[in-house]
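Visitor: Below are the sequence and a predicted model; questions follow.
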Amino acid sequence: MRGGFADRNHIVLSVPRTGGVIHRVQDESRCMGVWTGLLTQTSFPGAMFHRPIRLEVDSRGLVTNIVGFGDNYIGRLFSLNEGPASGFLYTKGRDPANVDEHDMIHLIGTHTGEKITGFYETEESVEGDANLIRISP
């Protein structure tokens, strides 16, 4: 991917995502709290899969506890004010007794009030809808 700084808080992308903009996170604590929700797989017709998840996010945007995947996940969850939200969850290492089929999950959505709605994707091209609700700050 190519692009360049438009100013100190924005990167404008060119090939292959012409017109895309990356924003600097101004407040890492915006998503702090406990989030619960559902990832609903929409790729691969006929294989609909619903995965309940629970995320605990600290004031640095670090996801300190993830329920719904193997025990070795860690990640970050950020948003810009009430607007774009993005999170990455990935495995810290392979524990043969607790391996999940996904090494990385990317959440992309919109943060409005106490909700994040959007979609997710994995490195294996699994995609679906993501709906999260903050149940405590």
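Guide: Perfect, thanks for sending it.
Visitor: all strands of this structure, in order?
Guide: Per DSSP state E, the chain carries strands over the ranges 3-7, 10-13, 21-23, 33-41, 50-57, 62-67, 73-79, 84-91, 104-112, 115-122, 127-136.
Visitor: Dump those to a markdown table, plus mean pLDDT and mean neighbour count.
Guide: For glycine as for every other residue, the C-beta is placed from the backbone atoms N, C-alpha and C. Formatted as a markdown table, these follow (pLDDT from 0 to 100; neighbours: other CB atoms under 10 Å):
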| stretch | mean pLDDT | mean neighbour count |
| --- | --- | --- |
| strand 3-7 | 80 | 11 |
| strand 10-13 | 78 | 14 |
| strand 21-23 | 70 | 14 |
| strand 33-41 | 94 | 18 |
| strand 50-57 | 92 | 17 |
| strand 62-67 | 88 | 14 |
| strand 73-79 | 90 | 20 |
| strand 84-91 | 87 | 20 |
| strand 104-112 | 91 | 18 |
| strand 115-122 | 93 | 18 |
| strand 127-136 | 95 | 17 |
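Visitor: what separates the closest residue to residue 75 other than its chain neighbours from residue 51, distance-wise?
Guide: Nearest residue to residue 75 in three dimensions, chain neighbours excluded: residue 89, at 3.7 Å (CB to CB, 6 or more residues apart in numbering). Separation of residue 89 from residue 51 (CB to CB, to the nearest Å) stands at 12 Å.
Visitor: Stretch 75-83: how far from the chain's middle?
Guide: Chain-centre distance of stretch 75-83: 9 Å, with CA atoms, centre = their mean, to the nearest Å.
Visitor: Phi, psi for the closest residue to residue 127 other than its chain neighbours please.
Guide: Spatial nearest neighbour of residue 127, excluding adjacent residues (CB to CB, 6+ apart): residue 43 at 4.3 Å. Torsion angles at residue 43 (phi, psi; degrees, to the nearest 10) stand at phi -80, psi 160.
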